[in-house]
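1. Need a 3D model of the following:
(chains A and B)
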Amino acid sequence: MSSELRYTANTQLEHLHARYTGTGHADLTKYEWLTHQHRDTLASIVGHPTLTSYLAIADGEAIGRVKFEMTERMLQPCGPPPAKDD
Amino acid sequence: MHLYNLTLQPPTAITQAIVGNFSGARQQEIIVSRGTRLELLRPDVQTGKVSTVIASDVFGSIRSLAAFRLTGGTKDYAIVGSDSGRIVILDYDPKTSSFVKVHQETFGKSGARRIVPGQYLAADPKGRAVMISGMEKAKLVYILNRDTAANLTISSPLEAHKNNAIIHHTVGLDVGFENPMFAALEVDYSESDQDPTGEAFNAAEKMLTYYELDLGLNHVVRKWSEPTDPRANLLVQVPGGQLASSDRYDGPSVMHKMKGAFFFLLQSEEGDLYKVTIEHEEQEVKAVKIKYFDTVPVASSLCILKSGFLFVASEFGNQLRPIFCCRTMLFTLSPYSYLYQFQKLGDDDNEPEFSSTDYPSYGMADPTMPLPRAYFRPRPLDNLTLVDEQESMDPVIDSKVMNLLPNSDTPQIFAACGRGARSTFRTLRHGLDVEEVVSSELPGIPNAVWTTKIRADDEFDSYIILSFVNGTLVLSIGETIEEIQDTGFLSSAPTLAVQQIGPDALLQVHPSGIRHVLADRRVNEWAAPEGKTIVCATTNKRQVVVALSSAELVYFELDLDGQLNEYQDRKAMGSTVLALSIAEVPEGRQRTPFLAVGCEDQTVRIVSLDPDTTLETISLQALTAPPSAICIADMLDAGLNKTQQTTFVNIGLQNGVLLRTVLDPVTGQLTDTRTRFLGTRPIRLVRVMIQRNPGILALSSRSWLNYTYQNLMHFTPLIFENLDYAWSFSAELCPEGLIGISGSTLRIFQIPRLGTKLKQDAIPLSYTPRKFVSHPQNGYFYIIEADHRVMGETAAKQQIEQLRQGGKKIDEDVLDLPPEQFGRPKAPAGTWASCIRVIDPVASKTISVIELDNNEAAFSVAVVSFAAKNGELHLVVGTAQDTFLAPRSCTSGFLRTYRFIDDGRNLEFLHKTETNDVPLAVLGFQGRLVAGVGKSLRLYDMGKKKLLRKVENKSFSSAIVTLNTQGSRILVGDMQDSVSFAVYKAPENRLLVFADDSQPRWTTATTMIDYNTVAASDRFGNVFVNRLDAKISDQVDDDPTGAGILHEKGVLAGAPHKTAMIAHFHVETS
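-> Here you go, the predicted model:
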């Protein structure tokens, strides 16, 4: 279970956290935070047509390709999670 | 401080297009989203021309569009998914020609966020439901229905969320009248987020999940889910099929779909179109077949129209969207869209076809393994022909505002636009494009020209009347235009006015009288009183007013027998009359009730022509100069009155100023005066017909046209020779033309593109333009172009030669395909094609091109005068070899130095200086060169074999992208860290940063407004202005050595001083 859900013993809070993906909490690890940040950013790039075309021009790719690669990268934007100690 | 912004040209890049019968008529229309603007386009089935019906700003960012039609309906609605956190259903109302918001349901926060729906829209083909989804998790389904009054209703949303799932695409399935079904392409990340070994990530499957909306239970259920190709990215709905048939397209391609009569057109990122057909027996799919169809520019949307057209909204190319904001707010421009017509459907050609039956398990034996490659041969268009093309500038990468063209009193905008092989360099001039139909020299210099019909119900004009100083010439319009006698017009005197009057009579006003030429050539003449002449006249179909040299007005009106009757009294004006005008007779009325009289005493008076108060002065307006022309016209301006025409009194003054006032139709009072300077000559005003609507041509040192287009009033100069006089011209060859005289030349012309404000001339470029500079003396432009993932010409030739020597057969036809249409072959990342081009903007042509070899790409350019060479100008181009963008790296950067030869027409290579990083910005500075090389700012001086580094500052955080200078101050724009102020202290040879911004900004362009103020833009579409405190500025300038700055303590982990942001503006489409 992710630390996100472990923290939310309070059912109301739990509900809110489940509802609003990406909301942080006190026990958030650096990796989780970073992954959220990246996913938010990637989603924002795909959602703004001007940003996708900006990247497409810079990189010499088609806009569709940029959108696709950004969406693909949302799966694991910051590499695998660090191994747990316990 | 506030920024005033004016959109010179609305965005033209099409991000999405949908097709449907939006007006409810039989014809299909296209709705395109231009980022922040919705437009309804209507293709003409006969000519294939696409015209814009309406354009409407939405003041938000449109992310998705879908069309749907309720069962049994004849009209399509448009659904808009945007960044507003709302779903909006629009209905196009043809009566008011506007989009009407039928429903607007709020479901989330605003902004293009990860879990707020709006990114994808999928409509049920029967129009019963729509699914709107976000990038992750959120999917909402709305049920659409009719109420008893046949109005469209929308339900409250039903959730079909799936936690931890990234959504790639959604589509509505064609299930007939069973429960609506949607398919979504999703990837679940919950396991890969928990697995440190990375195995779960590698094993992550892309699932095709079906969601069924149970209309009985009012509930969405996840039906089933199956893994598909991990690189799948698009779902296509298969018509008439069963639940299971949803097409999947794998491979590294971006596909677009459109269904016609059961075939699909898919496009790859190279622009190749593939035709996909499905072989089926009843509901059993036997095979999926694919073959190459044609190649068109890479599109953001494809639309097939039932009339056999294919609408291609291209990603880039010719529609404009400026990427780097420039000083003028020319922000929103976009890509070409094209209209192609199907010639055939590729049924009977020799193109190889690939079928899914050729692969084990239909290619699905192992979805994680790519299928073996299939080859085809691209070729010029075979199945399609190009019918129409809409211009677009998208993207505008760099631009300058300069006045270079000769005889131009307003500056032009020069813009480097487009991408890849379809890039262009454009010159934009404010004004309407004019197309000359015919011009001919006349024996003398006429001072006025008219055209007239002979009968009121004639379709076209029959006569051209030219007035000279001492006579009048009448030309007849037939197959040729030739002089004609015995028309009843007096030819021995100049003419003041010509009018077709009554059903079939003509009228000529000349200085000594009025000739009323009846249909049988009888002439009724009214002679001016002894010793007086007519100085000016105004006419319409039923009324004539003339002003005598004695400052008297004489009024005539046509009676029911077709006789012209003089009103018993004459009106003394007390001051010489300079101009007169009456409007056309309003439809269904006997007369227009108002006459405008412009007098030498700098007044305009409105005089009544009403039978009860004939020739009584109603109102008076004082002017700043004597009037030279007046023109009353009834025009529609939706800004003032949406339903009926407004009466405008246009008053041209002798000093070139035009006043436009609104005439109250009841009281005759003048209100709401607007002024505009048109040119240096006294204004002449002519009422003309522009596309069957009244317009006004205002002639001064430039000619301006005031007309109504799409219910809005436009006032635009004509890009044409100065006209001395003009009139409408309508003949069979040119039904909507104008006729004008300039000097002794008679010109007949028309205006092809109403509604445009900027005229564009384009020069083709080879690669994506990056930057350009102008030579300070000869006016040439030096453009650097570079394309990533494209092989340079020499490198490509070498490679082909190698293949040839290796015994490979080369298909010459494929090599010779024009890159403008087919693009250049893709090369791996880190491959670049680049060149330096010299352009003459006045002659609008390329003078010379220098191709860069060794995989070098140009990134910056500047004209630098080196003090070490006695101020001789040099061109310095910052290039880099084997550049990778992310993370940024290169084997070596270079500063290439060129000398101008042949007066700047050519460049002579002097030397190149190696740098350790990419020089993204260069600039001339105090007889030296300042360069931003990666993170460091350096000063270079001219040497014999290379540039010599003098001083360096390495305190910048990511990469220097822009440089500006004034005095010894240098403004440095950092890629991620806004704009810093640096100063060069010559005595100690120090380059010091003394102020920066407290906000991180991803700078794209900067310019100095004054010594302490900088305007800049960032990549998110913001324009902002930063200012440095004048005290700090003085303090820094007063410090001779810079020791004070050097030892000052930094603030917020940066420079000791901060600039303050004094203005900020978000340009929707950056």
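2. sec struct for the residue located most distally from the centre of chain B, please.
-> In terms of distance from the mean C-alpha position of chain B, residue B:530 ranks first, at 60.7 Å (C-alpha atoms, centre = their mean). What DSSP: H, G, I helix; E, B strand; the rest coil gives for residue B:530 is coil.
3. What of residue B:575?
-> The local conformation at residue B:575, judged by three-state DSSP, is coil.
4. Roughly how far does it sit from residue B:581?
-> Residue B:575 is 17 Å from residue B:581, where distance means C-beta to C-beta, to the nearest Å. C-beta coordinates here come from the backbone N, C-alpha and C atoms, glycine included.
5. just residue B:892 next, same as before
-> Counting by C-beta to C-beta, the gap from residue B:892 to residue B:581 is 72 Å.
6. What of residue B:108?
-> Relative to residue B:581, and taking C-beta to C-beta, residue B:108 is found at 58 Å.
7. Residue A:63 and chain B, how far apart?
-> 5 Å (C-beta to the nearest C-beta, to the nearest Å).
8. now the chain, which segments are flagged as low pLDDT?
-> Defaulting to chain A. In the predicted model of chain A, residues A:1-9, A:86 satisfy pLDDT under 70.
9. Chain B, not that one
-> B:239-262, B:280-285, B:316-351, B:356-374, B:1068-1070.
10. returning to what we had before: neighbour count for residue B:108 and residue B:581, which is higher?
-> Neighbour tally, residue B:108 and residue B:581, criterion other C-beta atoms under 10 Å in any protein chain shown: the higher count belongs to residue B:581, 24 against 18.
11. The more buried one against residue B:594, yeah?
-> No - assessed by C-beta atoms under 8 Å, residue B:581 is found out of contact with residue B:594, at 9.3 Å.
12. what residues do those two have in common as contacts?
-> Counting by C-beta atoms under 8 Å, 6 or more residues apart in numbering or on different chains, the residues touching both residue B:581 and residue B:594 are residue B:632.
13. tell me the phi and psi of the spatially most central residue of chain A?
-> Centroid-nearest residue in chain A: residue A:39, 2.3 Å away (criterion: C-alpha atoms, centre = their mean). With angles defined as degrees, to the nearest 10, residue A:39 sits at phi -60, psi -40.
14. just the one 3 residues further on next, same as before
-> Dihedral angles phi and psi of residue A:42 (degrees, to the nearest 10) take the values phi -60, psi -40.
15. That one and residue B:57: what is the separation?
-> Taken as C-beta to C-beta, the span from residue A:42 to residue B:57 is 28 Å.
16. Also residue B:535?
-> Taken as C-beta to C-beta, the span from residue B:535 to residue B:57 is 49 Å.
17. the more surrounded of those two?
-> Neighbour totals were compared for residue B:535 and residue B:57, and residue B:535 leads with 19 against 14 (other C-beta under 10 Å).
18. what's the helix or strand for that one?
-> strand B:534-539 (DSSP states H and E).
19. Just give the closest residue to the residue in the stretch 701-850 of chain B positioned nearest to chain A, not the sequence neighbours.
-> Of all residues in the stretch 701-850 of chain B, the one sitting closest to chain A is residue B:788 (3.4 Å; C-beta to the nearest C-beta). If the residues on either side of it in the chain are set aside, residue B:788 comes closest to residue A:60, at 3.4 Å by C-beta to C-beta, 6 or more residues apart in numbering or on different chains.
20. need the strands for chain A, in chain order.
-> For chain A, strands defined by DSSP state E do not occur.
21. Run through the helices of it in chain order.
-> Assigned by DSSP state H, chain A shows helices spanning A:3-7, A:11-19, A:30-47, A:49-59, A:63-73.
22. Out of these, which gets nearest to residue B:970?
-> Residue B:970 lies closest to helix A:49-59 among these, at 25.2 Å (C-beta to C-beta).
23. C-alpha coordinates for that closest one, PDB please?
-> In PDB, the C-alpha atoms belonging to helix A:49-59 read as follows (Å, rounded to 0.1, in the frame of the first residue of the first chain):
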ATOM      1  CA  PRO A  49      -1.700  22.900 -27.900                       C
ATOM      2  CA  THR A  50       0.800  25.700 -27.900                       C
ATOM      3  CA  LEU A  51       3.300  23.900 -25.700                       C
ATOM      4  CA  THR A  52       3.100  20.700 -27.800                       C
ATOM      5  CA  SER A  53       3.800  22.600 -30.900                       C
ATOM      6  CA  TYR A  54       6.600  24.500 -29.300                       C
ATOM      7  CA  LEU A  55       8.300  21.200 -28.400                       C
ATOM      8  CA  ALA A  56       7.500  19.700 -31.700                       C
ATOM      9  CA  ILE A  57       9.300  22.600 -33.600                       C
ATOM     10  CA  ALA A  58      12.300  22.500 -31.300                       C
ATOM     11  CA  ASP A  59      12.700  18.800 -31.700                       C
END
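24. contacts for it?
-> Under the criterion C-beta under 8 Å, 6+ apart, residues A:44-46, A:61-63, A:65-67, A:70, B:13, B:15, B:35, B:61, B:63, B:315-316, B:321, B:323, B:394-395, B:397, B:419, B:768, B:788-789, B:829, B:885-886, B:1019-1021, B:1069-1070 lie in contact with helix A:49-59.
25. could you give the angle of it to helix A:63-73?
-> Orientation check (axes from the mean of the first three to the mean of the last three C-alpha atoms, to 10 degrees): helix A:49-59 against helix A:63-73 gives 100 degrees.
26. Please spell out which residues along whichever helix or strand residue B:294 is part of are buried.
-> In the assignment (DSSP H and E), residue B:294 maps to strand B:284-295. Neighbour-count burial for strand B:284-295 flags B:285, B:288, B:289, B:290, B:291, B:292, B:293, B:294, B:295 (criterion: 16 or more other C-beta atoms under 10 Å in any protein chain shown).
27. which one of those is nearest chain A?
-> Among the buried residues of strand B:284-295, and counting by C-beta to the nearest C-beta, the member closest to chain A is residue B:295, at 13.6 Å.
28. Can you show me the CA trace of the very next helix or strand once past the strand holding residue B:294 as PDB?
-> As assigned by DSSP H and E, the chain's next helix or strand after strand B:284-295 is strand B:299-304. The C-alpha trace of strand B:299-304 is given here as PDB (Å, rounded to 0.1, in the frame of the first residue of the first chain):
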ATOM      1  CA  ALA B 299      -2.300  16.900 -40.200                       C
ATOM      2  CA  SER B 300      -3.800  17.600 -36.800                       C
ATOM      3  CA  SER B 301      -7.200  16.500 -38.200                       C
ATOM      4  CA  LEU B 302      -8.500  14.900 -41.300                       C
ATOM      5  CA  CYS B 303     -12.100  15.200 -42.400                       C
ATOM      6  CA  ILE B 304     -13.800  13.400 -45.200                       C
END
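29. Let me know the secondary structure of the residue lying closest to residue B:99 once chain neighbours are set aside.
-> In space, and not counting its chain neighbours, residue B:99 is closest to residue B:90: 4.5 Å by C-beta to C-beta, 6+ apart. Of the three states, residue B:90 takes strand under three-state DSSP.
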